[in-house]
Structure formats: C-alpha cells, structure tokens
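using only what follows, build the 3D model:
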Amino acid sequence: MAGNYNSNSNIFAIDFDAIRNSLNDANLVLTERVNDILAALDRLPSSLETSDDIHRANKFARQIDDQISEVRRARLLDGKPFRVATTTVKSFFDEMEKPLKKGLETVLELLTETAEVNLAFEDTDSSQNPESIGIEISGETIVSINSDQTSHHKSTTDIHLTWNVESFDRDSLDLEALRNYLTDRVILTACKKHLADHGPNQINGVEYQRIATPR
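Have a look, this model is predicted:
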C-alpha cells in the first residue's frame, strides 16, 4: 500500500568510502599519470614564441586529450556494475510503473472520447430550435425544450480537460512565437549544428570564435 512507502528508506547499505578506496587502489597508475600532466600544466609558458614551442604545445594537447579519453574509459569500465545495478532497479519498478501508466492512458483516453462526444452533442443541441411544451390560452409559449434534451447524456463539467501539443509542422511553425520558450542549451546546440553544416558568421546574433583543437 502507498501508505507504507517511506521516501527516506534506503534498503541498500552502500559503503561509499569503500567504493572510493577501491577506485583509488584500482587506478593508481592512472592517477599518477593525471597528476604528472597537471603538474606539467604549471610549467606551461604564458606565450608560444617559436615553432618549437607550438610543436610542443600541440603534442601536449594531444597527450591531455588522450588522457581524458583514458580517464573516461576507466570511469565507464569501473562504473559498469553500478549502471547494471541502476538498470536492475529501474527494471524492477518499470514492471509496476509501465502497466500503471498504460492503464492511466486507457482511462484518460476513455474520458477524452466521452468529453468529445458530449461536447459535440451540446453544440448540436444548442443549435436546434426549441420545442414548445407549454402554451398559454393566447397561444404564447411559456416553456420550451430542445427535442434531444430529453435523452440522457453526461455533462463535460465532470471531466477535467487540458490542452496538449499533439504534433507540429516544421515548415509552417512560427519559431518567433517560441523565442522566449527556447532554452539557451537548445539554441546553442542548433547554432553548433548550423556551424558544422554552413560555417561561421552566417547567423545574426551569434558570436563566433576560432579556438585551437587537438590534432
């Protein structure tokens, strides 16, 4: 039952200090190489005066780049058991969440369909001419009702409807209207992809800069 759930519970007793110690022991050589490179960075000249300086700097950049790749590989290798554990935990709860989400989707689809039918009925109902059911001696109508109002239908007021974006047409989409809702990260990613395809200095509002890369 939901009432028995404790959000502060931790059923796995994980010794994080032991994990860090194991990582230190398994990566002593890697740690030493990284420390050597970081120490060499302190000896890097503030400016490159000769072609030999440029050559050594390019070589050093390649060494750092290679070391970053090695650290990344070690991280992925040593972290694999935890990723597997995370996948196992996720799989366990997915077995409950996925059918629940599917069931919720089914119920909401039923409610949506019911609301759409009732809204269509109400629109049709309101457009029909009223039928007189009470007339004075003078012939004036005193009570009227739409002919279909006597049928039984459910009110949409009991169903909570919200608007949802179903799809969009890229060619006709008004991107300007979305300007304030696009995150900086999304815009930066688009700018980088545009740069890769079309080169620099092609878009107003974007500042370009040349930077050295490992070679």
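
helix/strand/coil for Thr162?
Under DSSP: H, G, I helix; E, B strand; the rest coil, Thr162 falls in the coil class.

and the lengthiest helix in the chain, what does it pack onto?
The residue-count maximum for a helix in the chain (DSSP state H) belongs to helix 51-127. Applying 3 or more C-beta pairs under 8 Å, 6 or more residues apart in numbering; DSSP states H and E, one finds that helix 51-127 contacts helix 28-41. From N, CA and C alone the C-beta is placed, and that goes for glycine too.

now the residue nearest the centre of the chain: how far from Lys192?
Against the mean C-alpha coordinate of the chain, by C-alpha atoms, centre = their mean, the closest residue is Val186 at 11.3 Å. Going from Val186 to Lys192 by C-beta to C-beta, to the nearest Å gives 11 Å.

related to what we said a few turns ago, in which helix or strand would I find the residue nearest to the centre of the chain?
In the assignment (DSSP states H and E), Val186 maps to helix 184-198.

what does the average pLDDT come to for that helix?
Here helix 184-198 scores 96 as its mean pLDDT.

okay, buried residues for it please.
By neighbour count on 16 or more other C-beta atoms under 10 Å, the buried set for helix 184-198 is Cys191.

kindly report the same for stretch 101-114.
Neighbour counts using 16+ other C-beta under 10 Å place no residue of stretch 101-114 among the buried ones.

please export the C-alpha coordinates of it as PDB.
Output of stretch 101-114 as PDB, limited to C-alpha atoms (Å, rounded to 0.1, in the frame of the first residue of the first chain):
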ATOM      1  CA  LYS A 101       0.900   4.300 -17.000                       C
ATOM      2  CA  LYS A 102      -0.700   2.200 -19.700                       C
ATOM      3  CA  GLY A 103      -3.800   1.800 -17.600                       C
ATOM      4  CA  LEU A 104      -3.900   5.600 -16.800                       C
ATOM      5  CA  GLU A 105      -3.600   6.300 -20.600                       C
ATOM      6  CA  THR A 106      -6.500   3.900 -21.300                       C
ATOM      7  CA  VAL A 107      -8.800   5.600 -18.700                       C
ATOM      8  CA  LEU A 108      -7.800   9.100 -19.800                       C
ATOM      9  CA  GLU A 109      -8.500   8.200 -23.500                       C
ATOM     10  CA  LEU A 110     -11.900   6.900 -22.500                       C
ATOM     11  CA  LEU A 111     -12.600  10.200 -20.600                       C
ATOM     12  CA  THR A 112     -11.400  12.300 -23.500                       C
ATOM     13  CA  GLU A 113     -13.600  10.400 -26.000                       C
ATOM     14  CA  THR A 114     -16.600  10.800 -23.700                       C
END
